[in-house]
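Colleague: generate a structure from the sequence data that follows.
(2 chains)
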Amino acid sequence: MAIAAALTLTASGCAAPSALVGTSDDTFIFGTRSAPRVLNPAVQSGLATATPGTQLFASPIRLNDKLEPEPYLAKSWKESADGKTMTLHLVENAKFHDGQPITSEDVAFSLGVVKKEHPFGANLFGPVTKVETPDEHTVVIKMSRRHPALMMAMSPPFLPIIPKHVYGSDDTVADHPQNAHDVVGSGPYRLSSNIEGKRIVLDKVDNFFLPNDDAPRQVLFEIIGDENTLALATEKGEVDMMVTNTPSVLSRLGNVDDITVADKGYEGIGSISWLGFNVKSTYVSDKRVRQAIAYAIDRDYLTNKLHRGQFEPATSPIASGSPYFDESMPRYDRDLDKAADLLDDAGYPLDKNDKRFTIQLDYLPGSAEMASSVAETIKANLKEVGVIVRIRSSADEPTWGSRVSNYDYDMTLDNVWNWGDPAVGVERTYVCSNIKKGVLWANMSQYCNKDVDRLFKKAAAAPDEKTRKDDYSKVQKILTDELPVLPLENQTYRNIYSNAVKNPPNGPFGIMSPLLDTSIEG
Amino acid sequence: MSLTAPPKIKLKGRRSMALARGRSIASRIAQAVLLLLAVIIFNFILIHLAPGDPATVIAGESGGTTPEQLESIREAYGLNDPLIVQLWHYLVQIAHFDLGYSFYFGQDVTALIGERLYPTVLLAGTGMLAGLIIGTLLGVVAAIKPQGILSYFVTVIALVGFAAPVFWTSVLLLLALSIAIPIFPIQGMNSIIVSPHTLPQMWDTTMHLVLPATALALIYVALYSRTARTSMLEVLDSDYIRTAWAKGLGGKVVIFKHALRNAVLPVVTLLGLHVGALLSSVVLIEVVFNWPGLGSLLLESILRRDTPVILGILLASSVLVIIANLVTDVAYRIIDPRIAISGGPQ
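Modeller: Sure thing, here's the model as predicted:
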């Protein structure tokens, strides 16, 4: 310790990169594993960016626990009878962090940027043809068709209102330096500092247009790359809250005093793990083989043993937390006889060595618990019906991504998010028009079914909720029969937090929601 | 024979020794520069031959991204150029002391590395120095009484130190001294809320440093104690030490002045060699303790395929290793001047 003290004192003139934020005890510390590339959710999707991004930027609306829209920057809205026009009336006292008022021009500008630059831009605002700004506080959105996902698309993770007077032209937003530093936001917190890869510090905006008196003065996003360290830091109280879907962490911290594991939240993400098939590949191009594999996999073991009962089995490509989830889909409970019959029918009988064929399985790199152990389980399961699995690991995500997006695979484990509305996060992985070589999480199965395309298109523009649900039920029925992907588990994310945190953000988008009601006690 | 003859011979000897030493060091520096160039080219080619497309990471979670958008990202970052062109651009860049921009953070790599250098140097320096001093002293003391309890203790420490993976000892230290007995903080280099540039901050950094530095030091205690003990035992058995005892010199003089000087040579050799291996241990320790240094940045960058950052850190560590080897050579020559003539340790 003496050596450490001496060296520390000797080098005290140097500023440590993770230092230092002040002495306030009114600080909410959120521990996270992912470092954001930028802080502007208009140009980057994902939890890492949206977590600080939704505190820095306000949106036209926000969603309640039932995924229903509530006023945010828009105090009211009105949809035309044909559903092709949405008129927003903005609050009049909202300001950007540089003091400039937030106007309809900024909303129109932001919507255009998201449509153009966001990876889901086409899904979020594809039908939007024009945005009119008749006055400073009125926005009129014109669409080519009815767009039921519009309200979801205008919520905090997707439509941050960014200042037109700062960004200038929409051509420069994607690479604008103020996406990461000197951010001029519109949300309840302003950027104090961003130390890349280590820590983001936000300060509460005084006189925010919505009441947030009890919200902490400061929010810190502490980036802790190793999940075990993050869990230990949460356990010891060094961070107030973390979010994870790792079963061992959820299970262990669920038994720690003074810590709560939320029993709801993140329904808007709709995280599903699945076994994706390359339907152009030998063997799994046959629907019967895919169904046989589904019958052979022991999902009860996966869910209840390997993942400690923390998840529920997935039975549909739509996550169970979605209002469009249809629970009547076939479950493919384990049945080795059915699996063997299907493989026989497909023309792959057992040979003299009790083998049918050999197939390759890739997996999205991650923790062993969530990746390689699942692959090993599937390998063991399929061996029981004579299907030999050769597991191929990838050193990192780009390696895996390059392989699967270029169709160099037979089967792959994957984790894909629904992102709140099937038109945003589900459709992309099934429709023929989204078979895009080299693009991750497009239709990497290369599955193409005109009925599926038609139903997705119809549902995305459905005149009422009932029709929409019916259309999505029909889609789910086709997809669970044809199985371009085999849904394995609804891998729900959960907030884990100190009991000192009151009103934690346990809504459908969790920490990707403005912290207006959350507070720290004690 | 003139009375002045011996000094002349001595001066000539010194001059020729200095000349030999100068030539030897110049040759080492030239070798080091060539080696560095080879390392730069090798690193670049190796990383670019790996499968995977950084553009997919830059684009973020997609599904709606168009191939055209990906193409424009590749174009913007020069990923479409032939490998030889990319290598040439990289070498020109390096010649201008420019390490490029991070794909992921869009920030200057030199600045990123600069920010992370001090924590790594602090951690690695503390851990290695502590390991060197404690390990060498333990080895020396153990060699004085080879059948004593301390000697057996050193043997056990060395065995455990070799066998235990650093990741495991790090987590064990955290569980024992941060959770079970909550003395030290879990993660980071500083508490999240502490006033900057104050004595409390320095104390805070020290407390954060203890566990990761201990995890690192344990490796070197194991290595150096065993090496120092063996080396010391050999030296203590030599004729000149017996002569020193026979002359009636004191124990401290014999052990620390006569024996240790020679016994420490293998330890210095190891020290130079270990600088190269240091980064691999530091990466794991920094990740476990969330220490904001180059190691954790390297791992994050590898996972994101942030090539400019990976290459920058590899270059910085290569320079460090090459300098460490040079310093080891020079240190050797200072400790044992005969080496300058014979050409240095092989």
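Colleague: can you list the residues of the stretch 151-300 of chain A near chain B?
Modeller: Counting by Cβ under 8 Å from any Cβ of the partner chain, the stretch 151-300 of chain A comes close to chain B at A:175, A:177, A:180, A:195-198, A:220, A:222, A:224-226, A:228-230, A:232-233, A:235-236, A:238-239. Using the backbone N, CA and C atoms, a C-beta is placed for each residue, glycine as well.
Colleague: out of these, which are inside helices?
Modeller: Among these, DSSP state H puts A:228-230, A:232-233, A:235-236 in helices.
Colleague: and those as CSV, adding pLDDT?
Modeller: CSV is the format used below for these (pLDDT from 0 to 100):
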residue, pLDDT
A:228, 89
A:229, 90
A:230, 94
A:232, 92
A:233, 93
A:235, 92
A:236, 90
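Colleague: just among the residues you listed, which is most surrounded?
Modeller: Comparing those on neighbour count, residue A:230 comes out first with 27 neighbours (neighbours: other Cβ atoms under 10 Å in any protein chain shown).
Colleague: how near is the closest residue to residue A:160 other than its chain neighbours to chain B?
Modeller: Sequence neighbours aside, residue A:57 is the residue nearest to residue A:160 in space, at 3.2 Å (criterion: Cβ to Cβ, 6 or more residues apart in numbering or on different chains). From residue A:57 across to chain B, the span is 17 Å (Cβ to the nearest Cβ, to the nearest Å).
Colleague: residue A:395 now?
Modeller: Distance of residue A:395 to chain B, given as Cβ to the nearest Cβ: 7 Å.
Colleague: pretty sure that residue contacts residue A:365?
Modeller: Yes: using Cβ atoms under 8 Å, residue A:395 makes contact with residue A:365 at a distance of 7.3 Å.
Colleague: more neighbours: which of those two?
Modeller: Set side by side, residue A:395 and residue A:365 show more neighbours around residue A:365, with 18 against 14, by other Cβ under 10 Å.
Colleague: could you look up the SS state of that one?
Modeller: The assignment at residue A:365 comes out as coil when based on DSSP: H, G, I helix; E, B strand; the rest coil.
Colleague: contacting residues around the closest residue to it other than its chain neighbours?
Modeller: Distances taken as Cβ to Cβ, 6+ apart place residue A:394 nearest to residue A:365, at 5.5 Å, with adjacent residues excluded. For residue A:394, the contacting residues are A:362-363, A:365, A:400, A:403, B:51-52, by Cβ atoms under 8 Å, 6 or more residues apart in numbering or on different chains.
Colleague: residue A:394: which element?
Modeller: Per DSSP states H and E: residue A:394 is located in neither a helix nor a strand.
Colleague: from what I can see residue A:237 touches residue A:498, true?
Modeller: Yes: applying Cβ under 8 Å as the test, residue A:237 and residue A:498 come out as touching, 5.9 Å apart.
Colleague: what about residue B:42, how many residues nearby?
Modeller: So residue B:42, with other Cβ under 10 Å, has 12 neighbours.
Colleague: how far off centre is the helix or strand that it is a member of?
Modeller: If you go by DSSP H and E, residue B:42 is part of helix B:5-49. Offset of helix B:5-49 from its chain centre (Cα atoms, centre = their mean, to the nearest Å): 21 Å.
Colleague: report whether that helix contacts chain A.
Modeller: No: Helix B:5-49 stays clear of chain A (Cβ under 8 Å from any Cβ), getting no nearer than 11.3 Å.
Colleague: kindly indicate which of the contacts of residue A:394 lies nearest residue A:284.
Modeller: The closest of these to residue A:284 turns out to be residue A:362 (Cβ to Cβ; 12.6 Å).
Colleague: any idea whether the closest one is helix, strand or coil?
Modeller: Taking three-state DSSP, the label given to residue A:362 is strand.
Colleague: and it, how far from residue B:47?
Modeller: Taking Cβ to Cβ, to the nearest Å as the criterion, residue A:362 is separated from residue B:47 by 22 Å.
Colleague: and residue B:231, by the same measure?
Modeller: For residue B:231, the distance to residue B:47 - Cβ to Cβ - is 39 Å.
Colleague: more neighbours: those two, which one.
Modeller: Set residue B:231 next to residue B:47 and count neighbours by other Cβ under 10 Å: residue B:231 wins out with 23 against 15.
Colleague: that one touches residue B:263, doesn't it?
Modeller: Yes: at 4.3 Å, residue B:231 counts as touching residue B:263 under the criterion of Cβ under 8 Å.
Colleague: quick one: mean pLDDT for stretch A:68-77?
Modeller: Averaging pLDDT along stretch A:68-77 gives 97.
Colleague: any regions of the stretch 201-350 of chain A where pLDDT drops low?
Modeller: Applying pLDDT under 70 to the stretch 201-350 of chain A flags no residue at all.
Colleague: ranges for the strands of it?
Modeller: For the stretch 201-350 of chain A, the strands defined by DSSP state E, counting those that start in this stretch occupy A:218-223, A:241-244, A:259-261, A:271-277, A:312-313.
Colleague: do you know how far residue B:104 is from residue A:398?
Modeller: Distance from residue B:104 to residue A:398, by Cβ to Cβ: 11 Å.
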